[in-house]
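Trainee: Next come a sequence and a model predicted from it.
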Amino acid sequence: MKKTLDTGVVIEWVVAAHGRKIVTMPDGSELTTDIICEKLNLNKGTAAYRLNNYIENGDLEQLWQPKCEKKNYRKRVEVKVPPTHYVEGDIKHFYDPNWKLLMQNI
């Protein structure tokens, strides 16, 4: 089978026995999930996922990305938790219905 991407890259692959895909690389070598597993020390599921993504988008960098390399996510902003204890001179507790209930039962 052949697939031509928008970038003009042609990707060829063959579905072998038991649904295994053999991809012909641009340099003429053949690539399977077993080869990816051996070179990058990945499990077969991850190797098959990367091979299928390569067939879809043709990204070689993503295909040969080292194991356990995490994406750089932007740092999350820490949420400031307001103090929940009583501070002297604070009257917020007078408007809290649970405080009123507590004071009725004392």
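Mentor: Arrived safely.
Trainee: Which residues outside the longest helix belonging to the chain are in contact with it?
Mentor: The single longest helix within the chain, with elements called by DSSP state H, is helix 44-57. The contact list for helix 44-57 (Cβ atoms under 8 Å, 6 or more residues apart in numbering) reads 3, 5, 11, 13, 21, 23, 31-34, 36-37, 40, 42, 59-60, 62-63, 65. Yep, even glycine has a C-beta here, placed from its N, CA and C like the rest.
Trainee: And the next helix or strand past it?
Mentor: Reading on from helix 44-57 to the C-terminus, the next helix or strand found by DSSP states H and E is helix 60-63.
Trainee: Return the distance of that following helix from the chain's centre.
Mentor: Distance, stretch centre to chain centre, for helix 60-63: 15 Å (Cα atoms, centre = their mean, to the nearest Å).
Trainee: what about that helix, average pLDDT?
Mentor: Confidence for helix 60-63, expressed as mean pLDDT, is 90.
Trainee: Which parts of this structure are strands?
Mentor: Secondary structure of the chain by DSSP state E: the strands cover 2-4, 10-15, 21-24, 30-31.
Trainee: Now the longest helix of the chain: average pLDDT?
Mentor: What helix 44-57 shows for mean pLDDT is 92.
Trainee: for Lys2, what are its contacts?
Mentor: By Cβ under 8 Å, 6+ apart, the neighbours of Lys2 are Val10, Ile11, Glu12.
Trainee: would JSON lines of these with pLDDT be doable?
Mentor: Formatted as JSON lines, the contacts of Lys2 follow (pLDDT from 0 to 100):
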{"residue": "Val10", "pLDDT": "85"}
{"residue": "Ile11", "pLDDT": "87"}
{"residue": "Glu12", "pLDDT": "89"}
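Trainee: Any of those buried? List them.
Mentor: Ile11 (16 or more other Cβ atoms under 10 Å).
Trainee: for the contacts of Lys2, which one is nearest Ile106?
Mentor: Nearest to Ile106 among these is Ile11, at 75.6 Å by Cβ to Cβ.
Trainee: Perfect, I'm done here.
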